[in-house]
Structure formats: C-alpha cells, structure tokens
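Novice: Build me a structure from this.
(one chain, ligands or ions: 2)
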Amino acid sequence: MMEITFTCPECGSGIHVTPSLEANIANCDICEHKLPVKFNEDHVNSNIKDCPCCERKDFYQQKDFNRKLGVLLFVIAAILSIWTYGISFIVLYIFDLVLYKLLGNVVVCYKCNTLFRNVNNISEIPPFDHEMNDRIVYSDHDFEGKPLTH
Ligand SMILES: [Zn+2]
Ligand SMILES: [Zn+2]
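Specialist: Ligands and ions are numbered 1, 2, ... in the order given. Reported below is the predicted structural model:
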C-alpha cells in the first residue's frame, strides 16, 4: 500500500496517510488543520498520476535518504577519524554506498512537496529537475505531467 506524507500548510508538520476513496480530509495531528485531499483509483492502487493535495501532475523521484542521519554519521566519522587516522571516513564511504543501495525511492510533488512511498509506477517518474522546480515553485508553471522540453 502506498504511504503518503503531506506537508501541513499551516505548521509544516508531516501528515501521514494511506489513500482511501472515502477519505477527503487529512487531519494534522499537530495544529488540527484540515487538509482537503482527493484520492482516486490510481492512488488506491499505489500509482501516482495526480497529486491528491494540489492536483498537479508533476513529480520527481529521489532516494529516501534522511539528511539529518547523513550529517550525524559524518560528524561521528569526523570525530573518530582523530583516533583512526581517517579510516572512519573510508568506513563511512562504504557504509554510505551500501545504505544508498538499500534505500528505496520516494516520489515527491514539485508543487506541494507531498511524499509518496511504495509507488508502483515509480519507473515512470523522472528524477529531480532544477529548471522544472524553479518554474513550478517560483512562476507557478503547470507542466501537466509532461517532461521539460526546450
Ligand atoms: Zn499542522
Ligand atoms: Zn501536490
């Protein structure tokens, strides 16, 4: 089953939901904001074609990597390197490679930053594109799911 994490527009907290056709509101546990959502058959079947939050069709995929964890590991390696003459950095590098392989990919909505995990049609989702992101976020351009062409 697909897992969706909305970003609360009021307080910025993550709102975790699983799609269901009966649900049309996602509740924020932190500030009790009610977020209108639109689920369809695709979502219930773990396919992502329209965003249930902003109804856009522009998504990218990225590694489900926790940035904070990455920074923490780097700091630990940096401290340990004083005693290990830098070997901890090599260990971290290998650990990073292994971790990177193990991690799944998430799909992200450019417009509203909603996260989708366990997506079936992830192979159809392109990687992050800076130009698309700038145009969607800053100029409110709607690509309607079509990749950027020049
Ligand atoms: Zn909230
Ligand atoms: Zn969206």
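Novice: Tell me how many other residues crowd residue 107.
Specialist: Residue 107: 22 surrounding residues under other CB atoms under 10 Å. Backbone N, C-alpha and C define where each C-beta goes, glycine included.
Novice: helices or strands up against the helix or strand containing it?
Specialist: Assessed by DSSP states H and E, residue 107 sits inside strand 105-109. In terms of contacts (3 or more CB pairs under 8 Å, 6 or more residues apart in numbering; DSSP states H and E), strand 105-109 is packed against strand 59-63, strand 115-117.
Novice: Contacts for it next, please.
Specialist: For strand 105-109, contacts defined as CB atoms under 8 Å, 6 or more residues apart in numbering pick out 48, 51, 53-54, 56, 58-64, 114-117, 119, 122, 125, 128.
Novice: ditto for stretch 19-26
Specialist: Contact partners of stretch 19-26, identified using CB under 8 Å, 6+ apart, comprise 1-2, 4, 6, 15, 17, 34-41, 43-44, 52.
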